[in-house]
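Enquirer: make a model of this:
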Amino acid sequence: MSMIRIFHQRRASIAIAAALLAGQASAATFTLPTDGSTVVGKVQVVSPTPDNSLLDIARHFDVGYEEIVAANPGVSVWLGAKRVVVPSQFILPPKPWKGVVVNIPQRRLYYFPPAGKGKPQQVITYPTSIAREGWSTPLGATRIVAKFRDPGWFVPTSIRAEHMKEEGIELPEYVPPGPDNPMGMLAMQTGFPGIFIHATNKPWGVGLRTSHGCIHLYPEDAAQIFPMIAKGTAVRIIDEPVMVGSDRGRWVMSTYEPVKEYPDKRPLAERAKAILSALAERDAQAAVAPIDADPARLARLTHTPQSVPVALSSAQPDLKHWLKTLPVEAYNFPPYSQDANNAMVPGARVPGDASAPQGETPKPGG
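Expert: Numbering: from 1, shown residues only. The predicted structure follows:
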């Protein structure tokens, strides 16, 4: 568990200007299904320019490292790929759909804002980093208890000792606010001691196990969600490495590497069987057709985690053949520069313009 504490808060606010985020993908925002479906978004396939890595594409489409790597087995993270699958379709977490829900194995945060009068309810989702091995984020329900701009960081003795032992690096006792602060520029404190949802100064680590219990966001995602979430917003943290959902009548499953620090030690196959059994019992009571799950697909999904939701029925095309039916779109955004690997929101990215500003500091706002 992280022992991070907030010390300092500057009055100067961080501009969250639409112009700054123009030209780059922001978080996925969807209207919640009302037809019984529990899947939102769509899978995309892109053909990138040779200078783009999987990390560039992941950040642009707001997915994390493990998500895009799992969707593209055998594809080099660094070398240019001719065809990249973007796993931008998501099985929603178990209800209730309210407040913030973080699914740790999925490494993804969902925010269900209150529905406005006359407006449909929405869900906004972001990729996250999770606790490194040997650490964990508490499971259960809590709330946002405080919000901070430009936080400083008193480095806990335990973290300083760990870095010295593992990396030979002596961390300072205090890190002031700024682009190199691991807390990022925006942080939301939960009711779990020492656990924050915050931006990071190492955005290329989003989707990996990098924290000491906190939930890390891309800086641009933190900038977007920070003004939306009020103090007191409910937060629920769950451990669901097997996700099953209904996509307009098509039952699909996605799987993720289990987090071994949590109490449920069952293998993916056993957890998947339990979920499908519960759904079968529910369907029997409702007198509807049960899920027709192909054993071979289940075996593959529970042996090798796959972030792209896969149709369970053998009557539906398998993942390989289904992906071939999707259109391939050109991706000609410039790669993120080295300056984008800090806590600042990147500058606007213009397709086909390699000179587009990267890693610019947002101008102060009111």
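Enquirer: strands along the stretch 51-200 of the chain, start to end?
Expert: Using DSSP state E, counting those that start in this stretch, the strands found in the stretch 51-200 of the chain span residues 84-86, 89-91, 99-103, 108-112, 122-127, 130-131, 140-149, 153-154, 174-175, 186-190, 196-199.
Enquirer: now the stretch 251-366 of the chain
Expert: Using DSSP E, counting those that start in this stretch, the strands assigned to the stretch 251-366 of the chain run over residues 310-311, 328-331.
Enquirer: deepest-packed of the ones you listed, please.
Expert: Among the strands of the stretch 251-366 of the chain, the stretch with the highest mean neighbour count (mean count of other Cβ atoms under 10 Å) is strand 310-311, at a mean of 20. Using the backbone N, CA and C atoms, a C-beta is placed for each residue, glycine as well.
Enquirer: how close does the spatially closest residue to R300 that is not a sequence neighbour sit to L54?
Expert: Excluding the flanking residues, the one nearest R300 by Cβ to Cβ, 6 or more residues apart in numbering is Q306, at 7.7 Å. For Q306, the distance to L54 (Cβ to Cβ, to the nearest Å) stands at 16 Å.
Enquirer: next: V69.
Expert: Separation of V69 from L54 (Cβ to Cβ) stands at 7 Å.
Enquirer: same question for V85.
Expert: Taken as Cβ to Cβ, the span from V85 to L54 is 10 Å.
Enquirer: quickly list what's touching both of those two.
Expert: By Cβ atoms under 8 Å, 6 or more residues apart in numbering, V85 and L54 have these common neighbours: 68, 72.
Enquirer: which residues touch P120?
Expert: 31-32, 34.
Enquirer: neighbour-wise, which of the residues you listed leads?
Expert: Highest neighbour count within those: L32, with 15 neighbours (other Cβ atoms under 10 Å).
Enquirer: surely it and K95 touch.
Expert: No: using Cβ atoms under 8 Å, L32 is not in contact with K95; the gap is 10.5 Å.
Enquirer: centre-most residue in this protein?
Expert: Computing the C-alpha centroid of the chain and ranking residues by Cα atoms, centre = their mean puts P127 first, at 1.2 Å.
Enquirer: so that residue touches I215, yeah?
Expert: No: judged on Cβ under 8 Å, P127 makes no contact with I215 at a distance of 10.5 Å.
Enquirer: mind listing the shared neighbours of those two?
Expert: Any residue near both P127 and I215 by Cβ under 8 Å, 6+ apart counts here, and that gives L109.
Enquirer: what is the longest helix seen in the chain packed up against?
Expert: Criterion DSSP state H: the longest helix present in the chain is helix 268-286. On a contact count with 3 or more Cβ pairs under 8 Å, 6 or more residues apart in numbering; DSSP states H and E, helix 268-286 meets strand 242-247, strand 250-255, helix 295-303.
Enquirer: higher neighbour count, V69 and L54?
Expert: For V69 versus L54, neighbours defined as other Cβ under 10 Å are more numerous around L54 (23 against 19).
Enquirer: could you measure from the more buried one over to L326?
Expert: For L54 relative to L326 (Cβ to Cβ), the value is 18 Å.
Enquirer: burial count for N341?
Expert: 18.
Enquirer: grab the nearest non-local neighbour of it.
Expert: Closest residue in space to N341, ignoring its immediate chain neighbours: W204 at 5.7 Å, by Cβ to Cβ, 6+ apart.
Enquirer: which parts of this protein are helices?
Expert: Counting by DSSP H, the chain has helices at residues 18-21, 54-60, 65-71, 157-167, 219-225, 268-286, 295-303, 319-324.
Enquirer: please name the residues that touch A71.
Expert: 85-87, 306-308.
Enquirer: go on, A274?
Expert: By Cβ under 8 Å, 6+ apart, the contact set of A274 is R266.
Enquirer: let's see it at 10 Å
Expert: A274 makes contact with 242, 266 under the criterion Cβ atoms under 10 Å, 6 or more residues apart in numbering.
Enquirer: show the pLDDT at it.
Expert: The model reports A274 with a pLDDT of 96.
Enquirer: P305 too?
Expert: pLDDT, P305: 96.
Enquirer: how many residues are close by the residue lying closest to it once chain neighbours are set aside?
Expert: In space, and not counting its chain neighbours, P305 is closest to T255: 4.6 Å by Cβ to Cβ, 6+ apart. By other Cβ under 10 Å, the residues close to T255 number 27.
Enquirer: now do A299
Expert: Neighbours of A299 (other Cβ under 10 Å): 12.
Enquirer: what's the nearest residue to it if we skip its chain neighbours?
Expert: Among residues not flanking A299 along the chain, A269 sits closest, at 7.5 Å (Cβ to Cβ, 6+ apart).
Enquirer: which residues touch that neighbour?
Expert: By Cβ under 10 Å, 6+ apart, the contact set of A269 is 242, 255, 298-299, 301-303.
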